[in-house]
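S.K.: fold the following and give me the result.
(one chain, ligands or ions: 3)
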Amino acid sequence: MGAGKTTVGRLLAATLGVTFLDSDHAVEARAGKPVQEIFVDDGEAAFRTLEREAVAAALDEHDGVLALGGGAVLDPATRALLEGHAVVFLRVGLSDAVKRVGLGAGRPLLLGNVRARVKQLLDERTPIYEGLARISVDTDGRSPQDVAAEIAAGLDRLPHRTEER
Ligand SMILES: Nc1ncnc2c1ncn2[C@@H]1O[C@H](COP(=O)(O)OP(=O)(O)OP(=O)(O)O)[C@@H](O)[C@H]1O
Ligand SMILES: O=C(O)C1=C[C@@H](O)[C@@H](O)[C@H](O)C1
Ligand SMILES: [Mg+2]
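M.R.: Ligands and ions are numbered 1, 2, ... in the order given. Prediction:
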């Protein structure tokens, strides 16, 4: 959270001239309410089910840049579906992440002590993100435009890019 997936993903799609989709927005469209309301009304497990379905549909139907919710890759089925895709990991350190998410509004998993929760999530998830990524980009102290430009250059260098999307 706060890595900049939504912000950078949108910029990258514009740079590449392709469409942009965010899995959180797709889940919200399916549920008819914001992510944090799904967590409160229905619980995290219900959110994760909707997220798994939304990501699977997006990978099947959408041909542009897909920004994933921060926890989407915790699901083994989602990880399997991402194989062969040009997965990008936006690396962010604790300090920049905390600055970017502020009080954590709209991010239910950060409720309570934002800094401690961000640290815990980064520690738990970084190995998973690193294991999936074809491209990793450091984002600390850099603008979203700069990060998007580095990803676009990295995609150009990936082998068999056209077959893999
Ligand atoms: N490289 C950056 N430098 C500074 N601020 C950034 C950068 N990238 C994103 N931001 C800002 O950080 C905040 C969080 O970014 P964003 O919502 O894109 O993160 P996210 O990874 O999509 O988070 P989530 O997992 O909650 O969906 C936004 O206010 C955004 O403008
Ligand atoms: O990191 C997470 O688990 C989450 C990140 C957000 O994108 C949302 O998908 C939701 O708030 C959960
Ligand atoms: Mg996002």
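S.K.: show me what contacts the residue in the chain positioned nearest to ligand 1?
M.R.: Per Cβ to the nearest ligand atom, the residue of the chain with the smallest distance to ligand 1 is G4, at 2.7 Å. C-betas here are computed from N, CA, C, even on glycine. Residues near G4 by Cβ atoms under 8 Å, 6 or more residues apart in numbering: 90, 92, 100, 139, 144, 147.
S.K.: thought L111 was touching G104?
M.R.: Yes - between L111 and G104 a contact is recorded at 6.8 Å, counting by Cβ atoms under 8 Å.
S.K.: show the end-to-end separation of stretch 101-116, please.
M.R.: 13 Å (Cα to Cα, to the nearest Å).
S.K.: give me the buried positions along that stretch.
M.R.: Under the neighbour-count criterion of 16 or more other Cβ atoms under 10 Å, stretch 101-116 has 101, 104, 107, 109-110, 114 buried.
S.K.: do me a favour and average the pLDDT over that stretch.
M.R.: The pLDDT scores in stretch 101-116 average 87.
S.K.: and ligand 2, is that stretch touching that?
M.R.: Yes - if you take Cβ under 6 Å from any ligand atom as the test, stretch 101-116 does meet ligand 2, through 107-109.
S.K.: cheers, nothing more for now.
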